[in-house]
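Asker: Could you look at this predicted model? Sequence included:
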Amino acid sequence: MPLPRVMGDAVILPNGHVVVLNGAVKGTAGDGTVINKVRVNQANEPNLWPVLYDPDAPYGSRMKLMARSRIPRLYHSTALLTPDGSVLVAGCDRAELFWSSLNDTEISRSPQKAADYRIEMFRPPYWFNETAKPQIVSINNATWDPEDAVNVMQYGAPFELQYSLSNATHSVTSAVLVAPGTVTHSTNMNQRVVGLEIVSQDLGARRLVLKGPPNINIAPPGWYMLFLLNGNVYGTSVWVRLPGNAPRLDYLVPPN
């Protein structure tokens, strides 16, 4: 990697690229420790530079440094993919217990001292390519579940939708389901990007027929973000649900 990193967070993007951010350049993961009766952190020199990893790029040029943050993200930091394809970056415990060679104009320490409650949004370069983004306009009404107010994608079955795309010569090249993340301590227990088969595509009408995942071993029942891609550029997702023993909204929301 371009820089050493401990306690980093890795987020898989809809196009298969991975952004690695947060953490420190030196030290180890762990809680604070005491040296000469002074409580200090085990990790120091915050790593403020996100790295974008492209597994399809030529060997030796797969990792690129992105624009850096000014906010240290050390122990208990998080990074999660959001429905519009941005990465939500938050957290930092023991925010006053590290040292850094950067001065106060280059780094922004937590106003709360002990922890950092500020939130940032990381957006990769292709996120800004608005004219190349395929956006979902509507989904076949037959898949609508009024109880949960979500479209249900059946395993191995056609799933029809309509999309928009500014460039008339462009089309949807792939579609993926992305599971919502659950991250703590640099480990995301629910990262899953599932590619979907494109059964047919009407470029004039911008109609697309996808095929649901083959079985629950590929994509367990639950809620997913459905992204359409044009090369490496993806639009805003919509929520869909795969049927089965998945939590429904009435399980998650307590009754009045």
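Answerer: Good, I have the coordinates. Numbering: from 1, shown residues only.
Asker: tell me the pLDDT at the closest residue to T143 other than its chain neighbours?
Answerer: Computed as Cβ to Cβ, 6 or more residues apart in numbering, the closest residue to T143 that is not its neighbour in sequence is N151, at 4.4 Å. The way it works is simple: take the backbone N, C-alpha and C, and place the C-beta from them, glycine included. In the predicted model, N151 carries a pLDDT score of 97.
Asker: From the rest of the structure, what touches the helix or strand containing N151?
Answerer: Of the helices and strands defined by DSSP states H and E, N151 is found in strand 150-152. Contacts of strand 150-152 with the rest of the structure, by Cβ atoms under 8 Å, 6 or more residues apart in numbering, involve 139-140, 143-145, 159, 223, 238-243.
Asker: Then stretch 8-17?
Answerer: Defining contact as Cβ under 8 Å, 6+ apart, one finds that stretch 8-17 is touched by 18-23, 47, 52-56, 73, 77-81, 85, 87, 89, 124, 126, 176, 178, 181, 183, 186, 188, 191, 193, 225, 227, 229, 231-234, 237.
Asker: Just the buried ones from these?
Answerer: 18-23, 47, 52-54, 73, 77-81, 85, 87, 89, 124, 126, 176, 178, 181, 183, 186, 188, 191, 193, 225, 227, 229, 232-234, 237 (16 or more other Cβ atoms under 10 Å).
Asker: before we move on, back to that, between the contacts of strand 150-152, which is nearest V209?
Answerer: Taking Cβ to Cβ as the measure, V209 lies nearest F159 of these, at 7.1 Å.
Asker: Direction included, what does whatever helix or strand that closest one lives in pair against?
Answerer: In this assignment (DSSP H and E), F159 forms part of strand 158-164. The pairing partners recorded for strand 158-164 under DSSP bridges are strand 135-139 (antiparallel), strand 207-211 (antiparallel).
Asker: what separates it from the chain centre, distance-wise?
Answerer: Put simply, strand 158-164 sits 23 Å off its chain's centre (Cα atoms, centre = their mean, to the nearest Å).
Asker: still on that earlier bit, take the contacts of strand 150-152 and keep only those in strands.
Answerer: 139, 144-145, 159, 223, 238-242 (DSSP state E).
Asker: Okay, now the unreliable bits of the stretch 1-150 of the chain?
Answerer: Across the stretch 1-150 of the chain, the stretches falling below the confidence threshold (pLDDT under 70) are 30-33, 35, 38-41.
Asker: Strands of that one, residue ranges please.
Answerer: Using DSSP state E, counting those that start in this stretch, the strands assigned to the stretch 1-150 of the chain run over residues 9-12, 18-21, 24-27, 33-35, 38-40, 43-46, 51-53, 63-65, 78-81, 87-90, 119-122, 135-139, 144-145, 150-152.
Asker: Output the strand holding F159 in CSV with nothing but the alpha carbons.
Answerer: Extracted C-alpha coordinates of strand 158-164, given in CSV (Å, rounded to 0.1, in the frame of the first residue of the first chain):
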residue,chain,number,x,y,z
PRO,A,158,-37.0,-11.7,-13.9
PHE,A,159,-37.0,-8.3,-12.3
GLU,A,160,-38.0,-5.5,-14.7
LEU,A,161,-37.2,-1.8,-14.3
GLN,A,162,-36.9,1.5,-16.2
TYR,A,163,-33.9,3.8,-15.9
SER,A,164,-32.6,7.1,-17.2
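Asker: For the ones in strands among the contacts of strand 150-152, give me a markdown table that also has neighbour count and distance to H170.
Answerer: A markdown table is the format used below for the ones in strands among the contacts of strand 150-152 (neighbours: other Cβ atoms under 10 Å; distance: Cβ to Cβ, whole Å):
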| residue | neighbour count | distance to H170 |
| --- | --- | --- |
| I139 | 19 | 21 |
| W144 | 13 | 28 |
| D145 | 14 | 31 |
| F159 | 22 | 21 |
| W223 | 18 | 29 |
| V238 | 19 | 20 |
| W239 | 14 | 25 |
| V240 | 21 | 23 |
| R241 | 20 | 29 |
| L242 | 22 | 28 |
